[in-house]
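Q: pasting the structure only:
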């Protein structure tokens, strides 16, 4: 079994992921993940100085279509004119 497949399995099984793992999981930049944390669209969990993100919460913010992550629009985050 290769290291890459071990990492992929770990990402699929773990409830919490780091910022770096989150960006790989939803295929976006770390800056995007950090922006979501700053805007409180994702909840930050701190453990031994590491920022962790609940994987199910992260995945609820995106819709994966053909391997591409797209943001899910919700009334809570939608700005009104």
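A: In hand now; what should we look at? Only a predicted model underlies this, so the values are computations on that prediction, with no experimental measurement involved. Residues are numbered from 1 along each chain as shown.

Q: Output the lowest mean pLDDT helix or strand found in this protein.
A: Using mean pLDDT, DSSP states H and E, the weakest-scoring helix or strand in the chain turns out to be helix 3-13, at a mean of 55.

Q: Mind listing the strands whatever helix or strand comes next after it pairs with, and their directions?
A: Downstream of helix 3-13, the next assigned helix or strand under DSSP states H and E is strand 16-18. Strand 16-18 pairs in its sheet with strand 50-54 (antiparallel), by DSSP bridges.

Q: where does the chain dip in pLDDT?
A: 1-12, 63-81 (pLDDT under 70).

Q: now the strands for it?
A: Along the chain, counting by DSSP state E, strands occupy 16-18, 45-47, 50-54, 62-65, 68-71.

Q: In the third one, which of the residues would be classed as buried?
A: The one in question is strand 50-54. Neighbour counts over strand 50-54 (16 or more other CB atoms under 10 Å) mark 51-54 as buried. To be clear about C-beta, it is placed using only N, CA and C from the backbone, and glycine gets the same treatment.

Q: Now do the contacts for the nearest residue to residue 58 once chain neighbours are set aside.
A: Using CB to CB, 6 or more residues apart in numbering and skipping the chain neighbours, the partner closest in space to residue 58 is residue 22 (5.4 Å). Residue 22 sits next to 33, 53, 55, 58 when contact means CB atoms under 8 Å, 6 or more residues apart in numbering.

Q: Widest-spaced pair of those?
A: 33 and 55 (12.2 Å; CB to CB).

Q: neighbour-wise, which of those two wins?
A: For the pair residue 33 and residue 55, the greater number of neighbours falls to residue 33 (24 against 19), based on other CB atoms under 10 Å.

Q: wait, doesn't the more buried one sit right on residue 42?
A: Yes: with contacts counted by CB atoms under 8 Å, residue 33 reaches residue 42, the gap being 7.3 Å.

Q: Common neighbours of those two, please.
A: residue 53.

Q: Next, the distance between the ends of stretch 34-54.
A: Using CA to CA, to the nearest Å, the end-to-end distance of stretch 34-54 comes to 14 Å.
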